[in-house]
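In: Output the structure for:
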Amino acid sequence: MRWQRRVSVVDAHAEGEVGRVITGGVLDVPGETMFDKKRYLETEDDSLRRFVLFEPRGGAAMSVNLLLPPCDPGADLGMIVMESTDYPPMSVSNAICVVTVALETGIVPMTEPETRLVLDTPAGLVPVRARCRGGKCESVSLDNVPSFLLHRDLEIKVPGVGTIAADIAYGGAFFALVDAGDFGLAMTPREARRMVELGEDIKSAANDAFAAVHPDNPEIRDVTFTLFGGPPEGAEGTRKVAVVVSPGRLDRTIAGCAQLVRPPRNNEAQNYVGQLTHAFVAPWARGHGLARGLALAIEKAARDAGLRVLNLDLRETQDAAIKLYESLGYQRWGTHPHYAWIDDRWVAGYFYHKDLTGNGARP
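Out: Residues are numbered from 1 along each chain as shown. As a prediction, this is how the structure comes out:
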């Protein structure tokens, strides 16, 4: 047999989400920025994605990542994500796979116990911290590109369903976020097929009804994923989520996340105050210090952004979270008796703040 094309790949996964990594056989892609290179592959030469991702060499249940030299001088490694139907600007699970493969194959030098590097992605630069031991990459954490809510309660007409409400948000790609309860879904495995069918219909309807365009890069546009969110459950108020990936499958669940909300640029009075919100660690990922690590990473990002105070609010039932944040120096200053309606009763909420400067947060 005579080989006409050969690439080297390493298969990896992030908690079951497969992210194949191309480590050789592709010298480079035309373009001055990583986004330009992504657009070239999308519009000029889609053959590589089809070659490595389509059957018989690949399948719909995986993504493929192309490693490239970085375009930005502040980055250590470039990456482009390729999925079954498109090229998302950024993907956290794929970034985890890329970093793991790059470190364990020696493409990027490994420093134990922690390696720090910066990824150059089509969505922007992504700082990464990898915990390493014995030549293995044990865990990866990263600061994703700036995320934001683009539209709240957008009314979308979905064929066969009717008019629904969806939030449109960005986190490396645009998502349509919907309440699973609006569709009678209990977020159980047996509902996977129904969620996939609905998710694809919702994504198409959202793109027909609304132009999702990134404010800083108009070429990043259109809803890529649908996320179903279940109701809060248990004392900690955890939620089940499911993300539908085209052409029709469920993404795996994230391990944890947290969000730093900065004040609007025109709010000079609160220009130095941020909000720590949406902190979440999946039940199966708890007990390994991830929640503390996320909180400390948010604090570092806040300091780097020039913020002096962080605000935080928690439900009174979130005992583990209350213990964690109070141990990190967050001061409780108030209580809201009707903070959340859960299980047919009002649950109180606690409000916290933390001085990030140690000098009374004075400018």
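
In: how far away is the residue nearest in space to the middle of the chain from Val196?
Out: Closest residue to the average C-alpha location of the chain: Val92 at 5.1 Å, with CA atoms, centre = their mean. Remark: distance between Val92 and Val196 (CB to CB, to the nearest Å) = 21 Å. For glycine as for every other residue, the C-beta is placed from the backbone atoms N, C-alpha and C.

In: Give me the below-cutoff pLDDT ranges for the stretch 1-150 of the chain.
Out: 1-3 (pLDDT under 70).

In: do the stretch 201-350 of the chain as well
Out: 234-238, 252-255, 282-285.

In: can you pull out the strands in it?
Out: Secondary structure of the stretch 201-350 of the chain by DSSP state E, counting those that start in this stretch: the strands cover 223-229, 241-245, 249-250, 256-261, 273-281, 309-315, 331-342, 345-355.

In: for the stretch 1-150 of the chain, same thing?
Out: In the stretch 1-150 of the chain, the segments counted as strands under DSSP E, counting those that start in this stretch are 8-10, 13-14, 17-24, 62-68, 77-82, 114-121, 124-133, 136-142, 148-158.

In: can you list contacts of the fourth one?
Out: Think strand 62-68. 9, 17-23, 26, 28-29, 34, 37, 41, 48-49, 52-53, 58, 77-83, 91, 93-94, 97-98, 101-102, 107 (CB atoms under 8 Å, 6 or more residues apart in numbering).

In: quick one, longest helix in the protein?
Out: Secondary structure assigned by DSSP state H gives helix 192-209 as the longest helix of the chain.

In: same for that one, what does it pack against?
Out: strand 148-158, strand 162-170, strand 174-179, strand 223-229, strand 241-245, strand 249-250 (3 or more CB pairs under 8 Å, 6 or more residues apart in numbering; DSSP states H and E).

In: Tell me the buried residues in that helix?
Out: By neighbour count on 16 or more other CB atoms under 10 Å, the buried set for helix 192-209 is Met195, Val196, Leu198, Gly199, Glu200, Asp201, Ile202, Lys203, Ser204, Ala205, Ala206, Asn207.

In: Likewise for stretch 298-317?
Out: So for stretch 298-317, counting by 16+ other CB under 10 Å, buried means 298-299, 301-302, 307-317.

In: Quick one: end-to-end distance for it.
Out: 23 Å (CA to CA, to the nearest Å).

In: cool, and stretch 262-275?
Out: Its first and final residues considered, stretch 262-275 spans 7 Å by CA to CA.

In: Emit the PyMOL select command for whichever of the contacts of strand 62-68 are buried.
Out: A single PyMOL command selects the buried members of the contacts of strand 62-68 (16+ other CB under 10 Å):
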select buried, resi 9+17+18+19+20+21+22+23+29+34+37+41+48+49+52+53+58+77+78+79+80+81+82+83+91+93+94+97+98+101+102+107
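
In: give me the number of residues near the closest residue to Thr224 other than its chain neighbours?
Out: Leaving aside its chain neighbours, Thr224 sits nearest to Ala173 (4.2 Å; criterion: CB to CB, 6 or more residues apart in numbering). Ala173: 22 surrounding residues under other CB atoms under 10 Å.

In: mind checking how far Ala173 is from Phe183?
Out: Counting by CB to CB - Ala173 and Phe183 are separated by 22 Å.

In: what's the answer for Gly287, then?
Out: For Gly287, the distance to Phe183 equals 33 Å [CB to CB].

In: ok, those two, which is more surrounded?
Out: Taking other CB under 10 Å, Gly287 and Phe183 do not tie; Phe183 has more neighbours (16 against 9).

In: ok, now which ones touch that one?
Out: For Phe183, counting by CB under 8 Å, 6+ apart, the contacting residues are Val161, Ile164, Arg194, Leu198, Phe228.

In: would JSON lines of those with distance to Leu154 be doable?
Out: Compiled in JSON lines, those are given as follows (distance: CB to CB, whole Å):
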{"residue": "Val161", "distance to Leu154": "15"}
{"residue": "Ile164", "distance to Leu154": "9"}
{"residue": "Arg194", "distance to Leu154": "22"}
{"residue": "Leu198", "distance to Leu154": "16"}
{"residue": "Phe228", "distance to Leu154": "16"}
